[in-house]
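Visitor: give me coordinates for this.
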Amino acid sequence: MPRARSGRRSGEYGEFWPGYVDVLSTLLLVFTFLLSIFMLAQYFVTQEASNKDTALARLSRQIAELTSLLSLEKGKGQSAQDELSALQATLGELRLENQRLQSDAVGGAEKANAASARITALSAGLAKEKEISSSALAKVDLLNQQLLALRRQIGALNEALDASEKRDQASQARIKDLGKRLNAVLARQVQELKRYRSDFFGRLRELLKNRKDIRVVGDRFIFQSEVLFAPGDAQISARGLATMDELARAITDLAKSIPNEIDWALQVDGHTDSQPINTPQFPSNWELSTARAISVVRYLISRGVPAQRLVAAGYGEFQPIDRGTSPESLLRNRRIELKLTNR
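Guide: Numbering: from 1, shown residues only. Predicted coordinates:
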């Protein structure tokens with residue numbers, strides 16, 4: 001009889017314990033696998049899209065909270081399992097003792113009653129532990145559902161990132177292509193403008209070849225101020241008007257030959273020497289140099305040069321071409337410069 005009952009108790013325990021362990025092990029493996037996938041996905045998402053940092057940080061906090069909760073529940077489940085095993089062992093011992101007491105006629109009734117009371121208490125404790133285990137399993141299931149929802153959110157974020165990357169790659173390709181085309185157009189326009197500048201300067205040289213007070217320096221055509229203006233004045237002199245007429249004809253002929261797609265401009269720069277001026281009309285050399293450049297531009301406009309192709313600027317005495325202080329140096333610094341350029 002004792003062996004038969006012991007075998008039944010072992011069967012009850014064997015039926016309960018492996019299933020419980022398998023459930024916990026399976027849940028732990030699934031959770032570990034999902035957590036690993038999530039951490040890898042989070043790493044790549046963080047590397048690929050910094051603008052999703054806030055959303056991924058929030059998901060990371062949620063995962064940490066869920067992990068903590070799962071660890072707590074796992075600890076509770078393990079503790080409940082340990083207590084359950086202890087109760088089952090004690091229950092088995094008490095049942096054996098109860099059997100021995102029932103077979104003993106002297107004092108057996110009282111000991112049997114005590115053993116039965118302990119068995120009842122232990123059974124109640126066992127039922128309570130089963131309830132705790134069921135609650136732990138329910139919480140684990142809830143955590144798994146929350147992990148599944150988080151994995152779906154990560155999947156949606158990954159899809160959004162992939163779409164954003166594809167759009168960015170397409171945009172970058174278009175920008176690169178447009179940049180190449182723009183550079184090619186600009187390079188072609190620069191080359192064409194150099195050719196027209198050469199033709200323009202060649203024509204001016206031919207028209208003004210006998211004038212020693214007009215010269216070419218680099219990419220600029222330079223008029224000494226005395227050719228166009230009286231000292232301290234910004235009104236073009238009668239002598240200067242004849243020179244300006246020749247210049248205007250050369251510019252209007254040039255404007256007709258330059259294609260419309262070349263956005264060119266004739267820049268007129270006024271310069272003075274280092275001697276200061278202080279008159280009611282021109283308080284400084286800034287005003288004088290600027291007024292002279294504007295006078296040249298206005299006259300060219302009156303002779304048919306398109307206004308949108310002209311630029312006037314005054315530099316005062318701050319861009320000398322001769323650092324000396326002799327009268328000859330001062331004379332060279334008082335000048336009007338013309339430069340054909342692109343906008």
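
Visitor: from here on, contacts and neighbour counts on C-alpha atoms
Guide: OK.

Visitor: which element, helix or strand, includes Phe221?
Guide: When secondary structure is defined by DSSP states H and E, Phe221 falls within strand 220-224.

Visitor: which other helices and strands contact the helix or strand following that strand?
Guide: Later in the chain than strand 220-224, the nearest helix or strand by DSSP H and E is helix 225-228. The criterion is 3 or more C-alpha pairs under 8 Å, 6 or more residues apart in numbering; DSSP states H and E, and the helices and strands that helix 225-228 contacts are helix 238-257, strand 335-342.

Visitor: who does the longest one touch, helix- and strand-wise?
Guide: Yep, that's helix 238-257 we're talking about. Using 3+ C-alpha pairs under 8 Å, 6+ apart, helix 238-257 is in contact with helix 108-207, helix 225-228, helix 285-302.

Visitor: for those helices, give me CSV that also has distance to Arg100 and mean pLDDT.
Guide: Converted to CSV, those look like this (distance: least, C-alpha to C-alpha, whole Å; pLDDT from 0 to 100):
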stretch, distance to Arg100, mean pLDDT
helix 108-207, 8, 74
helix 225-228, 134, 93
helix 285-302, 123, 97
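
Visitor: can you redo the ones you listed as a markdown table with mean neighbour count?
Guide: Shown next, in a markdown table, are these (neighbours: other C-alpha atoms under 10 Å):
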| stretch | mean neighbour count |
| --- | --- |
| helix 108-207 | 15 |
| helix 225-228 | 23 |
| helix 285-302 | 21 |
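
Visitor: and of the ones you listed, who's closest to Asp219?
Guide: Taking C-alpha to C-alpha as the criterion, Asp219 comes closest to helix 108-207 out of the helices and strands packed on helix 238-257, the separation being 8.3 Å.

Visitor: where's that closest one relative to the chain centroid, distance-wise?
Guide: Helix 108-207 has its C-alpha centroid displaced from the chain centroid by 16 Å (C-alpha atoms, centre = their mean, to the nearest Å).

Visitor: so it versus strand 335-342, what angle?
Guide: 130 degrees (axes from the mean of the first three to the mean of the last three C-alpha atoms, to 10 degrees).

Visitor: now for helix 108-207, which elements pack on it?
Guide: Contacts defined by 3+ C-alpha pairs under 8 Å, 6+ apart place helix 108-207 against helix 2-48, helix 53-103, helix 238-257, strand 335-342.

Visitor: please work out which of the ones you listed is packed deepest.
Guide: strand 335-342 (a mean of 21; mean count of other C-alpha atoms under 10 Å).

Visitor: neighbouring strands - and their directions - for that strand?
Guide: strand 220-224 (antiparallel), strand 264-271 (antiparallel) (DSSP bridges).

Visitor: deepest of those, which one?
Guide: Scoring these by how many neighbours each averages, mean count of other C-alpha under 10 Å, gives strand 264-271 as the top one, at a mean of 24.

Visitor: who's in contact with the closest residue to Arg215 other than its chain neighbours?
Guide: The spatial neighbour of Arg215 that comes closest, neighbours along the chain excluded (C-alpha to C-alpha, 6 or more residues apart in numbering), is Ile222 at 5.4 Å. Contacts for Ile222 were tallied using C-alpha atoms under 8 Å, 6 or more residues apart in numbering; they are Ile214, Arg215, Val216, Arg335, Ile336, Glu337, Leu338.

Visitor: turn those residues into a markdown table, including pLDDT and distance to Asn158.
Guide: Shown next, in a markdown table, are the contacts of Ile222 (pLDDT from 0 to 100; distance: C-alpha to C-alpha, whole Å):
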| residue | pLDDT | distance to Asn158 |
| --- | --- | --- |
| Ile214 | 77 | 70 |
| Arg215 | 81 | 68 |
| Val216 | 76 | 64 |
| Arg335 | 95 | 66 |
| Ile336 | 96 | 64 |
| Glu337 | 95 | 61 |
| Leu338 | 91 | 60 |
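
Visitor: and those residues, which is closest to Gln145?
Guide: With C-alpha to C-alpha as the yardstick, the closest approach to Gln145 among the contacts of Ile222 comes from Leu338, at 78.2 Å.

Visitor: which residues touch that closest one?
Guide: Residues counted as contacts of Leu338 (C-alpha under 8 Å, 6+ apart) are Arg220, Phe221, Ile222, Leu266, Gln267, Val268, Asp269.

Visitor: wait, isn't the fifth one in contact with Ala312?
Guide: It stands for Gln267. Yes - Gln267 sits in contact with Ala312 when judged by C-alpha atoms under 8 Å, with a separation of 6.1 Å.

Visitor: break this protein into its domains for me.
Guide: Domains of the chain are assigned by automatic domain parsing as 2-175, 208-342.

Visitor: how about TSV for those domains, with distance to Arg195 added?
Guide: What follows is those, written out as TSV (distance: least, C-alpha to C-alpha, whole Å):
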stretch	distance to Arg195
domain 2-175	30
domain 208-342	10
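
Visitor: against Leu59, how distant is Arg292?
Guide: Distance from Arg292 to Leu59, counting by C-alpha to C-alpha, to the nearest Å: 69 Å.

Visitor: for Lys74, same thing?
Guide: 22 Å.

Visitor: low pLDDT regions in the stretch 201-343 of the chain?
Guide: Low-confidence segments of the stretch 201-343 of the chain, defined by pLDDT under 70: 201-212.
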